[in-house]
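**Student:** Provided below for reference: sequence and predicted model.
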Amino acid sequence: MFAQGLRILSLLTGSVSSLPGVCGCCGALRPRYKRLVDNIFPEDPEDGLVKTNMEKLTFYALSAPEKLDRIGAYLSERLIRDVSRHRYGYVCIAMEALDQLLMACHCQSINLFVESFLKMVAKLLESEKPNLQILGTNSFVKFANIEEDTPSYHRSYDFFVSRFSEMCHSSHDDLDIRTK
């Protein structure tokens with residue numbers, strides 16, 4: 001309804017941008033969890049995770065655990081996009097955020113979040129870049145060390161078992177990377 005009203009208004013006035021307080025992207029209309037997730041990413045990935053905004057996101061996730069699966073899905077979407085665009089600084093930031101959320105949020109709805117988390121770890125392990133594989137492996141180790149209140153028997157770890165086994169027999173040229 002709102003978008004249709006903007007279209008009509010733009011036809012009448014010639015431009016939506018001529019309206020005070022209205023911009024073309026309508027960023028304020030995005031769901032809060034998306035705005036919070038977007039705010040943890042700095043303009044320059046070298047700056048690292050924006051810690052104050054990460055604290056806000058963690059507080060929001062703890063306050064509204066039913067949104068945790070959406071937060072995970074959106075972070076997953078961003079990570080997959082950044083991997084395909086070779087923006088590895090943002091990939092590291094996304095994984096750091098996921099690790100922090102995973103450690104902070106021990107609740108009943110964590111199972112839905114874990115599915116997004118495992119999807120992202122799998123994406124990193126499928127990469128040909130050793131640094132992304134190491135990043136995914138380290139995140140998986142952190143996840144494996146979390147004791148869950150209720151076990152989840154529906155998860156399948158077959159991919160991870162086969163991928164980690166394959167990585168153990170790596171023939172990478174650099175001995176340090178092969179060891180990691």
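**Tutor:** Great, that's in hand.
**Student:** and the gap between the spatially most central residue of the chain and S139?
**Tutor:** The C-alpha lying nearest the average C-alpha coordinate of the chain belongs to L75 (Cα atoms, centre = their mean; 2.3 Å). Distance from L75 to S139, counting by Cβ to Cβ, to the nearest Å: 12 Å. Yep, even glycine has a C-beta here, placed from its N, CA and C like the rest.
**Student:** please identify which helix or strand holds H86.
**Tutor:** Under the criterion DSSP states H and E, no helix or strand holds H86.
**Student:** residues near the closest residue to V91 other than its chain neighbours, how many?
**Tutor:** Closest residue to V91 apart from its sequence neighbours, by Cβ to Cβ, 6 or more residues apart in numbering: D82 at 4.9 Å. Applying other Cβ atoms under 10 Å, we find 19 other residues in the vicinity of D82.
**Student:** ok, now A144?
**Tutor:** Summarising burial for A144: neighbours were counted as other Cβ under 10 Å, giving 9.
**Student:** tell me who's in contact with the residue nearest to the centre of the chain.
**Tutor:** For L75, the set of contacting residues under the criterion of Cβ atoms under 8 Å, 6 or more residues apart in numbering consists of 37, 94, 97-98, 116, 120.
**Student:** what's the closest non-adjacent residue to it?
**Tutor:** A94 (5.5 Å).
**Student:** list residues touching both of L75 and S139?
**Tutor:** Residues touching both L75 and S139 by Cβ under 8 Å, 6+ apart: 98, 120.
**Student:** where do the helices sit along the protein?
**Tutor:** Under the criterion DSSP state H, the chain carries helices at the ranges 2-13, 32-39, 51-63, 68-84, 88-104, 110-126, 130-144, 158-168, 175-179.
**Student:** before we move on, back to that, just the closest of the contacts of L75 to L49, please.
**Tutor:** Nearest to L49 among these, counting by Cβ to Cβ, is A97 at 6.2 Å.
**Student:** tell me the pLDDT at the nearest residue to that closest one once chain neighbours are set aside?
**Tutor:** Nearest residue to A97 in three dimensions, chain neighbours excluded: I40, at 5.5 Å (Cβ to Cβ, 6+ apart). On pLDDT, I40 comes in at 95.
**Student:** tally up the residues packed near I40, please.
**Tutor:** So I40, with other Cβ under 10 Å, has 24 neighbours.
**Student:** who are the contact partners of it?
**Tutor:** 49-50, 53-54, 57, 93, 97.
**Student:** ok, which pair from these is furthest apart?
**Tutor:** Farthest pair in the contacts of I40 (Cβ to Cβ) is L57 and I93. Separation: 12.0 Å.
**Student:** contacting residues for M167?
**Tutor:** 125, 133, 137.
**Student:** quick check: it vs E66, distance?
**Tutor:** Distance of M167 to E66, given as Cβ to Cβ: 36 Å.
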